[in-house]
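1. Dropping the sequence and predicted coords here.
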Amino acid sequence: MILNTGSRTDIPAYYGEWFYNRIKAGHVLVRNPYYPTQVTKYFLSPEVIDAIVFCTKNPAPMLDGLSMLSSFDMLWFVTITPYGRDVEPYVPPKERVMDSFRRLSVMAGSGRMSWRYDPVFITGKYSISYHVEQFGKMAEALSGYTNQCVVSFIDLYEKTRRNFPMVRAVTAQEQEGLINEFSKIAKTNGLQIHLCCENEGLVRENVDADGCMSKAVMESALGCRLDVPKKKPARRECQCLLGADIGTYNTCGHGCLYCYANYDKETVIKNMKMHDAASPLLIGNIREEDVINTAEQKSWKNGQLELF
């Protein structure tokens, strides 16, 4: 199975101590976001967890303790975008994040690293030419430390529209122009671009529409075939393996205006105050009315390993 940590929050940036405590304890509890009294228990064992997937805008807080995860396979998706504090108010300076990316790549291996340049949106300040320039600079800075980059264009979720009312969708013509330029830059820097839930008409020689955490991406990183159970995707066009996420919505402190996982700033502040690094839950503790169910876990690795 794949253990996800980053579809709901940014654990490496804000909750690394808690995560390492869970690794020591050997299990983690996750509250169902839609049925709050339902809690799932996952055992944190490399015998059943084929990979831990991290998605973060700041991996630095977890780097010093990374040796604690030496028995696990890991995949790291690090988001580095060209936006300033007007859009991403609490994300560290991008040069610092790129330095952490390079350090992490040396530790985890470049094949286990993916640079996320998303979501892409267009404004007067963040123009097409600005994106092309910044994408080029970042691709050059990360060249050799990863061989893949995930690109997606902004989705106007209800939360996004409320918290970022001035944003608009990126037109098909703008998408075409950007991907044409990104493709050239990526080729120069040895990068394969994975489009996440985007138009297949944007596919190029080094640009695919297979998704960011697809079965193929996982198999390539792990060097073996995976027998993944059939499951309805989160979205019809999404091929990513997004189940078993141990995060909690409304707990990410970056404050990005485009975020789909946070309702508002006040809710995030309230929840973060309830965090207890010693708790088996990311936020709060077990309550009397909670019902704890143990997840069915097994390895998806095919018995016959097939290296890529």
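-> That came in fine, so what should we check first?

2. E205 versus S299, what's the distance?
-> 35 Å (Cβ to Cβ, to the nearest Å). For every residue, glycine as well, the C-beta is placed using N, CA and C.

3. Tell me the first helix or strand C-terminal of the longest helix seen in the chain.
-> Ranked by residue count, the top helix of the chain under DSSP state H comes out as helix 172-188. Scanning forward in sequence from helix 172-188 by DSSP states H and E, the next helix or strand is strand 192-195.

4. For that next one, C-alpha coordinates in PDB please.
-> The C-alpha trace of strand 192-195 is given here as PDB (Å, rounded to 0.1, in the frame of the first residue of the first chain):
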ATOM      1  CA  GLN A 192       9.800  14.800 -17.900                       C
ATOM      2  CA  ILE A 193       6.700  16.900 -17.300                       C
ATOM      3  CA  HIS A 194       3.700  15.200 -15.800                       C
ATOM      4  CA  LEU A 195       0.400  17.100 -16.300                       C
END
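
5. Counting by contacts, list what it packs against.
-> strand 148-153, helix 172-188, strand 207-208 (3 or more Cβ pairs under 8 Å, 6 or more residues apart in numbering; DSSP states H and E).

6. Could you dump those into a markdown table with mean pLDDT added?
-> Shown next, in a markdown table, are these (pLDDT from 0 to 100):
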| stretch | mean pLDDT |
| --- | --- |
| strand 148-153 | 96 |
| helix 172-188 | 97 |
| strand 207-208 | 92 |
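
7. Pick the most deeply packed of the ones you listed.
-> Greatest average neighbour count among the helices and strands packed on strand 192-195 goes to strand 148-153 (a mean of 23), per mean count of other Cβ atoms under 10 Å.

8. That one pairs with which strands?
-> strand 113-120 (parallel), strand 192-195 (parallel) (DSSP bridges).

9. Could you list the buried residues of the last one?
-> The neighbour-count criterion (16 or more other Cβ atoms under 10 Å) identifies 192-195 as the buried residues of strand 192-195.

10. Where does pLDDT dip in the protein?
-> Filtered on pLDDT under 70, the chain yields the residue ranges 232-240, 242, 303-308.

11. now the helices for it?
-> Going by DSSP H, the chain shows helices at 11-14, 16-25, 60-63, 94-108, 128-142, 158-163, 172-188, 215-222, 265-273.

12. end to end, how far does stretch 288-298 reach?
-> Counting by Cα to Cα, to the nearest Å, the length from the leading to the trailing residue of stretch 288-298 is 29 Å.

13. Just checking the distance from it to the centre of its chain.
-> 25 Å (Cα atoms, centre = their mean, to the nearest Å).

14. now stretch 179-194
-> 20 Å.

15. Then stretch 219-226?
-> 18 Å.

16. Any idea how far apart the tips of it sit?
-> 6 Å.

17. Quick check: the gap between the closest residue to F101 other than its chain neighbours and V228.
-> Closest residue to F101 apart from its sequence neighbours, by Cβ to Cβ, 6 or more residues apart in numbering: V78 at 5.1 Å. Taking Cβ to Cβ as the measure, V78 falls 24 Å from V228.

18. More neighbours: those two, which one.
-> V78 (24 against 16; other Cβ atoms under 10 Å).

19. pretty sure that one is touching R112, no?
-> No - taking contacts as Cβ atoms under 8 Å, V78 lies outside contact range of R112: 11.1 Å.

20. re earlier: is it possible to get CSV of the strands paired with strand 148-153 that adds distance to P59?
-> Below are the strands paired with strand 148-153 laid out as CSV (distance: least, Cβ to Cβ, whole Å):
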stretch, distance to P59
strand 113-120, 10
strand 192-195, 19
